[in-house]
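A.B. asks: how does the following fold in three dimensions:
(one chain, ligands or ions: 1)
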Amino acid sequence: MVCLGNICRSPLAEGILKSKLPEDNFYVDSAGTASYHVGDKPDSRSISIAQKNHIDISTCRGRQFKTTDFEYFDYIYAMDYANYKDILALARDEQDVVKVDLLLNVLFPGENIEVPDPYYGGTVNFEEVYQLLDKGCDALVEFLKHG
Ligand code: 4NP
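C.D. replies: Alright, predicted model coming up:
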């Protein structure tokens with residue numbers, strides 16, 4: 001799960017997806033395309049909305065997406081189109097490229113809908129992001145079960 005800062009959307013996506021998958025069979029992680037928040041805890045508003053939904057993301061720490069992630073992950077989901085383009089800029093070949101998609105394309109195939117950046121927003125924006133990620137992760141779990 002990849003966003004820009006790895007403190008708002010992607011740690012939430014990571015926590016939500018982990019809560020829906022058996023941890024023995026799936027390795028889920030998140031990263032940011034930027035380096036501003038490397039080593040940082042998630043944004044307190046993401047921690048709160050997760051906590052409200054019985055998910056603990058407080059131990060996540062920001063890290064930057066790197067080329068070797070293409071070797072460790074089968075699927076790489078971007079939150080928005082800018083993240084998508086920045087990930088693709090690091091792809092080395094077609095095998096890397098086909099691993100990348102917008103998360104919400106799993107839920108709404110081909111529609112290229114973004115998970116909006118809530119960083120400059122308020123609680124309501126984090127609520128909206130949570131709901132989108134929850135639905136997106138439900139669709140992803142269905143896809144992974146049958147994939
Ligand atoms: P995220 O949100 O990409 O969902 O983690 C942001 C976090 C930090 C910044 C921008 C977006 N920032 O500019 O520091």
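A.B. asks: just the strands from this structure, written as ranges.
C.D. replies: 2-3, 31-32, 76-78, 100-102 (DSSP state E).
A.B. asks: contact partners for residue 35?
C.D. replies: residue 64 (Cβ atoms under 8 Å, 6 or more residues apart in numbering). All C-beta spots, glycine's among them, are computed from the backbone N, C-alpha and C.
A.B. asks: tell me the residue in this protein that is farthest from the middle.
C.D. replies: residue 93 (22.2 Å; Cα atoms, centre = their mean).
A.B. asks: turn the strands of the chain into JSON lines, columns for mean pLDDT and distance to the ligand.
C.D. replies: What follows is the strands of the chain, written out as JSON lines (pLDDT from 0 to 100; distance: least, Cβ to the nearest ligand atom, whole Å):
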{"stretch": "strand 2-3", "mean pLDDT": "98", "distance to the ligand": "3"}
{"stretch": "strand 31-32", "mean pLDDT": "98", "distance to the ligand": "6"}
{"stretch": "strand 76-78", "mean pLDDT": "99", "distance to the ligand": "10"}
{"stretch": "strand 100-102", "mean pLDDT": "98", "distance to the ligand": "14"}
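A.B. asks: now for residue 18: which residues touch it?
C.D. replies: Contacts of residue 18 (Cβ under 8 Å, 6+ apart): residue 28.
A.B. asks: how close does it get to residue 108?
C.D. replies: Counting by Cβ to Cβ, to the nearest Å, the gap from residue 18 to residue 108 is 23 Å.
A.B. asks: show me what from this structure comes close to the ligand.
C.D. replies: Counting by Cβ under 6 Å from any ligand atom, the chain comes close to the ligand at 3-9, 32, 36-37, 117, 119.
A.B. asks: for stretch 72-88, what is the spacing between the initial and final residues?
C.D. replies: The straight-line separation of the ends of stretch 72-88 (Cα to Cα, to the nearest Å) is 16 Å.
A.B. asks: which residues are contacting that stretch?
C.D. replies: 1-4, 9-10, 13, 27, 29, 33, 65, 69-70, 97, 99-103, 106, 112, 114-117, 140.
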